[in-house]
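J.: Only the shape, not the letters, is given here:
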């Protein structure tokens, strides 16, 4: 679970939550600024053998190109794919423009990244009674001021608002009203739940849990026994309940990425190869926010589900991707031979020195 807020079943006043998600943000900026790219499959990221796709245009997504995909795989799936190097300073400037538009309606803004945020508009600055009207005004102003499209989800909690924004992408919005929430969730595959990654979804499937209704039919004790501290979160969201507040001005503590392998690994070379895309993803977010950190942490989950972490702190903040990879690989090499096979690796950067646009903590599975 990417956030640690407690989720309970307590009744609370109906809130008005909007989730705004820019459509293919980085790629759309590049297509906006370069007319020759419009209507063509575009990937933002490095085209080199070890490059990774940071964002893909909708034209590229039709070929199965996705963010965090190795560039060589993306090119294989879409031979006409055009690679564009990221311009994070441009993306950050546009993100500030968009947040200024949010702030015209509410001070309660929880940014998740440069292109995504939650807004609590229960008590909004312009006194607009319907959240759907606020979302429409925000989307129209974003389009007028930046030339970019945004999608919006509107609901009574964060979990459902995010589901709603995915429901009408791109360039649309959708409302999940309180009376719709439980029914909307019950038919949803567990893999579509925000906060449930591929490994957890696979575990749920092995227990006979395939949809929200399957989870809802379980007891809280069953969910806690099988999924630990995340069990209560899954139990309540399957009922359309999510008490987490929209948290303005959260301070990012770390940036992390992790990946569960399809096959358990043991050799250093294979593990190091899996570590590099994680380093890429962490560093992309460092570049996007201007943040740098002094502590690198390696997470290893073994095939028997034992987890160990190893960290190293340096005197000055890590300033380059190569340094981050060197430190992460050094932590891995120091543990070799491991003695048993590995099912997951993670890398994170903490003790952050915030840039101009500090973001909330992110954990990024790929």
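T.: Arrived safely, thanks for sending. In this text the structure is predicted, and so the values were computed from the model without any measurement. Residues are numbered from 1 along each chain as shown.
J.: Summarise which helices and strands the lengthiest helix in the chain is packed against.
T.: Determined from DSSP state H, the single longest helix within the chain is helix 268-289. Using 3 or more Cβ pairs under 8 Å, 6 or more residues apart in numbering; DSSP states H and E, the elements in contact with helix 268-289 are helix 88-103, strand 254-265, helix 321-334, strand 342-353, strand 362-365. For glycine as for every other residue, the C-beta is placed from the backbone atoms N, C-alpha and C.
J.: Export those to JSON lines and append columns for mean pLDDT and distance to residue 274.
T.: JSON lines is the format used below for the helices and strands packed on helix 268-289 (pLDDT from 0 to 100; distance: least, Cβ to Cβ, whole Å):
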{"stretch": "helix 88-103", "mean pLDDT": "93", "distance to residue 274": "25"}
{"stretch": "strand 254-265", "mean pLDDT": "88", "distance to residue 274": "6"}
{"stretch": "helix 321-334", "mean pLDDT": "95", "distance to residue 274": "10"}
{"stretch": "strand 342-353", "mean pLDDT": "91", "distance to residue 274": "6"}
{"stretch": "strand 362-365", "mean pLDDT": "38", "distance to residue 274": "13"}
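J.: highest average neighbour count across those?
T.: Highest mean neighbour count among those (mean count of other Cβ atoms under 10 Å): strand 342-353, with a mean of 21.
J.: List the neighbouring strands of that one plus their orientation.
T.: As defined by DSSP bridges, the strand partners of strand 342-353 come to strand 254-265 (antiparallel), strand 292-302 (antiparallel).
J.: Pull the contacting residues for residue 302.
T.: Neighbour list for residue 302: 308, 338, 340-343 [criterion: Cβ atoms under 8 Å, 6 or more residues apart in numbering].
J.: quick one: it and residue 198, what's the gap?
T.: 18 Å (Cβ to Cβ, to the nearest Å).
J.: Just want the phi and psi numbers for residue 24.
T.: The phi and psi values for residue 24, taken as degrees, to the nearest 10, are phi 50, psi 50.
J.: In this structure it contacts residue 59, no?
T.: No - counting by Cβ atoms under 8 Å, residue 59 is not a contact partner of residue 24; they are 9.2 Å apart.
J.: Please identify which of these two sits among more neighbours.
T.: residue 24 (24 against 21; other Cβ atoms under 10 Å).
J.: Domain-wise, how is this structure divided?
T.: For the chain, automatic domain parsing gives the domain ranges 14-178, 182-237, 254-365.
J.: Confidence-wise, which of those is weakest overall?
T.: Mean pLDDT is lowest for domain 254-365 among the domains of the chain, at a mean of 85.
J.: beta partners of residue 352?
T.: residue 293.
J.: ok, it touching residue 285?
T.: No - the criterion here is Cβ under 8 Å, and residue 352 misses it with residue 285 at 10.7 Å.
J.: what is in contact with these two at once?
T.: 255, 291.
J.: Format the contacts of residue 302 as TSV; extra columns: distance to residue 231.
T.: Formatted as TSV, those follow (distance: Cβ to Cβ, whole Å):
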residue	distance to residue 231
308	23
338	29
340	26
341	26
342	25
343	20
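J.: Show me which pair in those residues is furthest apart.
T.: Using Cβ to Cβ, the pair of the contacts of residue 302 lying farthest apart is 308 and 341, separated by 13.6 Å.
J.: Give me the more crowded residue out of these two.
T.: Remark: of residue 308 and residue 341, residue 341 carries more neighbours, 14 against 11, as counted by other Cβ under 10 Å.
J.: State the phi and psi torsions of the more buried one.
T.: Backbone torsions of residue 341, given as degrees, to the nearest 10, read phi -80, psi 160.
J.: Now do the contacts for it.
T.: 264-266, 302-303.
J.: and which of those residues is nearest to residue 96?
T.: Proximity to residue 96 was ranked across the contacts of residue 341 by Cβ to Cβ; first place goes to residue 265, at 41.4 Å.
J.: how about the helices in the stretch 51-200 of the chain?
T.: 58-61, 71-77, 88-103, 131-146, 158-167, 181-186, 198-206 (DSSP state H, counting those that start in this stretch).
J.: could you check the angle strand 254-265 makes with the last one?
T.: Helix 198-206 runs at 60 degrees relative to strand 254-265, counting by axes from the mean of the first three to the mean of the last three Cα atoms, to 10 degrees.
J.: go on, the third one?
T.: Note on geometry: by the same axes, to 10 degrees, helix 88-103 and strand 254-265 are set 120 degrees apart in direction.
J.: quick check, distance from helix 88-103 to the centre of its chain.
T.: Computed by Cα atoms, centre = their mean, to the nearest Å, the separation of helix 88-103 from the middle of its chain amounts to 18 Å.
J.: Please apply the same query to the shortest one.
T.: Relative to the chain's own centre, helix 58-61 is displaced by 19 Å; criterion: Cα atoms, centre = their mean.
J.: likewise stretch 77-84?
T.: Counting by Cα atoms, centre = their mean, stretch 77-84 is centred 24 Å from the centre of its parent chain.
J.: Spit out the contact partners of residue 234.
T.: By Cβ under 8 Å, 6+ apart, the neighbours of residue 234 are 193, 195-196, 215, 223, 227.
J.: An error on my part: the question was meant for residue 331.
T.: Residue 331 sits in contact with 296-298, 310-312, where contact means Cβ under 8 Å, 6+ apart.
J.: same question, residue 143
T.: 149-150.
J.: So it versus residue 171, what's the distance?
T.: Per Cβ to Cβ, residue 143 is found 8 Å from residue 171.
J.: Likewise for residue 149?
T.: With distances taken as Cβ to Cβ, residue 149 is found 4 Å from residue 171.
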